[in-house]
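*Asks:* Here is my input; please provide its structure:
(2 chains)
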Amino acid sequence: MKKKVLATLLAAAMTAGALAGCGNSAAETPAQQAPAAETPAAETPAAETPAAETPAADEAPAAEAPAASDAISTLIANTTGPVTMTVWASEEDQDYTTKLLDDFKALYSDVTFEITLGAESESTAKDTVLTDVEAAADVYAFADDQINDLVQAGALQEVVANYTYDVAASNVAGSLDAASVDGKLYAYPMTADNGYFMFYDSSVFTADDVKSLEKMIEVADAAGKKIAMDISNGWYIYAFFEGAGLDLTLNADGSNTCTWNAAGGTDVAQAILDLTSSGVFVDMGDEDMATQIAEGNVVACVNGTWRAETAQTAWGDNYAATKLPTFKVAGKDCQMSSYSGYKLIGVNPHSKNLGWAMLLAEFLTNEESQKGRFEARGLGPANSAAAASDAVQSNPAIAALAEQAAYATPQRVGGNFWSPAETLGQILASGNPDGTDLQTLLDTTVEGITAPIE
Amino acid sequence: MKKTIKSIIRHLVLLFLSVVWLIPILWLFVTSFSGYKGINTSHFFPETWTLDNYAQLFLRPDSIVQYPRWFWNTFVIAAFSCIISTILVLMVSYTMSKTRFPGRKGLMSFSIILNMFPGVLSMIAIYFILKTMGLTNSHLGMIIVYSAGAGLGYLICKGFMDTISTSLSEAAKLEGASQATIFFRIIIPLSKPIIVYTVINAFLAPWADFVFAKLMLNSGVATDWTVAIGLFNMLGKSMINKYFSVFCAGGVVIAIPISALFVIMQKFYVEGITGGSVKG
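*Replies:* Alright, predicted model coming up:
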């Protein structure tokens, strides 16, 4: 039995390695196959249609509508037999996507669809898709930071033509940038709320209090409550360094450029140490936060729209949200920055029904669907018209996100960033227990972050 | 006096060890009755108690938690793999232990070395081979993967069969028994303990396997999954706060078939004693 355990452990260790290796090898395979991917596209009459219609639609915008509906009727005419497709949507999006799929089937009732809906979180879509692109879903949702890798692996069909609505003209500019690589649009923007901001309980804080983190700590301390942020997570700790004007950017080869250890870096690290030393501003993971909010221990937290429901349930009418506060770096107030993110829907070029897959992707992301997604799940639409609606504008979380948008940057960072940043966060959040010199600490971190991609 | 102190110390150590071992299981068990669905680290025992997690698990499957379906899938895969692997192991062991043929030694060493390579190393190759045959995302493919290499793991079983006196099979041979008769009528009845061991092992491996299942069943469709993938999926970032206690309930339920199998098989451990079958 002991041997079994040992074997299992070994197996687990090997898997970690094997999976990592697997990701790479799989990423290469489709890249080599990329030209081959063109072949089915050319052969499928369905896929040919939109491509053929594009120039016409581009040159004569007036003719766009009839051309588009022609494309759909051609697509329907060219379809014989049932259309089999797989769609991946995140676990939370299952109910709403099921409804949309039913609507889609009803809309094109002339065609028999066999659409399977699978569960795949947007945040892990890349890993699963790249394991075997050919076996991945025809239409899948993913977070925008994965787009470079997906495009490189030939896992995304370029959006060259539209059937029902003009993707490029209908969505907010930021979401289109996020969905494009080298100026080519590769995905359909779905939501524009994958960022973070400050939730707070307005019975504890006034609107003035939440402007500065120091003030918030003071107020929370007086109330005997806590403010939570997932400091030991690269995604969040970025807010401090970027806010203080230090840079982290992605290079073309997938490695990072990082200046966190430049002049002023130690001040930021010291600022984080000072903030956490109060014992009021605490490092807390997302799951813990949910519990602590519900139990009333945490009265403010840095988190995203996915936590809105928890906060709203716990705080009721006192639920409020705003942009991130300022924090003091070497005596000077700095506005905390953040990552902004989008969720996108992509079409797999290996799809056997490419035309239908693209039409479905459009359907899942059109104005109506984005509005519905906001109503059903409170997710901020990427569609300009849907985002401008009163209901969306008056949602506290979305409004806070919009406010934060001025200080946010899109998430473009290489894979080597996460674990050194996490370590840095852990050390700082626990008050630098070894008393490491801050400059040395940052130098080590930056060395890890900027390590070349092998 | 000295004896009592020693005994107390011994028991304290044992008590400490058993607490260390049992606490996670106890936690899993009590959390499965928690009224709060998310993960709650501030209390060991749940604040509210309910059976709803079990009810949700079995009676209200949604599009991502299809526990009865997973349970059935896993059971079918594990049961078939178990039957096939056990048969293979017993046949190989018998051949290696009771028959003599040229190249037997070489074949034995070769299979032992082959068996030492961890299966996960060939994972990706296996995946692509099965893909060309259209066996990914299929439970048949999983059964093939789990049971195909089973024969290589004959070593322990063969060791047991070696202890069965050759005079038994020789006597049978003199009476005109064929290899099949010797195998079924003599060796198998005497090998009950090792059969139990083989069955339990052969059932447990696919029952608890995550790695191959995750790789093979990649369609993302919840109804195809096995329990291991399904439970893992319930711990995803977006799911954990709504499903953690349900996950714990799933973790408790998964232990039932294994325990049942063990209880059923255990009595054969006692029965299967080879001593006394040879009359001097």
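*Asks:* give me the low-pLDDT residue ranges for the chain?
*Replies:* No chain was given, so I picked chain A. A:1-68, A:454 (pLDDT under 70).
*Asks:* not what I meant, chain B
*Replies:* Screening chain B residue by residue with the criterion pLDDT under 70, one finds the ranges B:41, B:269-280.
*Asks:* What parts of it come near chain A?
*Replies:* Listed as neighbours of chain A in chain B under the rule C-beta under 8 Å from any C-beta of the partner chain: B:36, B:38-42, B:62-64, B:118-121, B:123-124, B:127, B:131, B:136-137, B:201, B:204, B:211, B:215, B:218-222, B:233, B:236-241, B:244. C-beta here means a position set from N, CA and C on the backbone, and glycine is covered the same way.
*Asks:* Please name the nearest non-neighbouring residue to the residue nearest to the spatial centre of chain A.
*Replies:* Centroid-nearest residue in chain A, with C-alpha atoms, centre = their mean: A:A143, separated by 3.5 Å. Nearest non-adjacent residue to A:A143, counting by C-beta to C-beta, 6 or more residues apart in numbering or on different chains: A:E122, 4.7 Å away.
*Asks:* And for the residue in the stretch 1-150 of chain B that chain A sits nearest to, the neighbour number?
*Replies:* Closest contact between the stretch 1-150 of chain B and chain A, by C-beta to the nearest C-beta, is at B:S63 (4.2 Å). Counted with other C-beta atoms under 10 Å in any protein chain shown, the neighbours of B:S63 add up to 18.
*Asks:* tell me which element it is part of?
*Replies:* In the assignment (DSSP states H and E), B:S63 maps to no helix and no strand.
*Asks:* Just say helix, strand or coil for the nearest residue to it once chain neighbours are set aside.
*Replies:* What sits nearest to B:S63 in space, not counting adjacent residues and going by C-beta to C-beta, 6+ apart, is A:Q94, at 4.2 Å. In three-state terms, and counting by DSSP: H, G, I helix; E, B strand; the rest coil, A:Q94 is helix.
*Asks:* tell me, how many neighbours does A:Q94 end up with?
*Replies:* Applying the criterion other C-beta under 10 Å, we find 17 residues in the vicinity of A:Q94.
*Asks:* ok, now how distant is it from A:T86?
*Replies:* Relative to A:T86, A:Q94 is positioned 14 Å away (criterion: C-beta to C-beta, to the nearest Å).
*Asks:* shared neighbours of those two, anything?
*Replies:* Shared contacts of A:Q94 and A:T86, defined by C-beta atoms under 8 Å, 6 or more residues apart in numbering or on different chains, are found at A:L117.
*Asks:* sorry, back to before: would you write a PyMOL line that selects the buried entries of the residues of chain B next to chain A?
*Replies:* Taking 16 or more other C-beta atoms under 10 Å in any protein chain shown as the burial criterion, the selection of buried members of the residues of chain B next to chain A in PyMOL is written as:
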select buried, chain B and resi 36+38+39+40+63+64+119+120+123+124+127+131+136+137+201+204+211+215+218+219+220+221+222+233+236+238+239+240+241+244
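*Asks:* sorry, back to before: what's the separation between the residue nearest to the centre of chain A and A:G331?
*Replies:* The gap separating A:A143 from A:G331 is 37 Å, by C-beta to C-beta.
*Asks:* Could you double-check that A:N148 sits in contact with A:A179?
*Replies:* No. Distance between A:N148 and A:A179: 11.6 Å, which falls outside the contact criterion (C-beta atoms under 8 Å).
*Asks:* Would you point out which residue of the stretch 101-250 of chain A is nearest chain B?
*Replies:* For the stretch 101-250 of chain A, C-beta to the nearest C-beta, closest residue to chain B: A:G118, 2.5 Å.
*Asks:* Let me know whether my guess that A:F327 is in a strand holds.
*Replies:* Yes. Using three-state DSSP, the assignment for A:F327 is a strand.
*Asks:* can you pull up the bridge partners for it?
*Replies:* In this structure, A:F327 bridges to A:C334 when assessed by DSSP bridges.
*Asks:* show me what contacts it?
*Replies:* In this structure, A:F327 makes contact with A:S212, A:L213, A:E214, A:F240, A:G243, A:A271, A:L275, A:D333, A:C334, A:M336, judged by C-beta under 8 Å, 6+ apart.
*Asks:* Can you report how many residues neighbour the third one?
*Replies:* Other residues lying near A:E214 total 18 when counted by other C-beta under 10 Å.
*Asks:* what's near enough to touch it?
*Replies:* Going by C-beta under 8 Å, 6+ apart, A:E214 touches A:L275, A:F327, A:K328.
*Asks:* The last one too?
*Replies:* A:M336 makes contact with A:L213, A:A239, A:F240, A:G243, A:L324, A:P325, A:T326, A:F327, A:Y407 under the criterion C-beta under 8 Å, 6+ apart.
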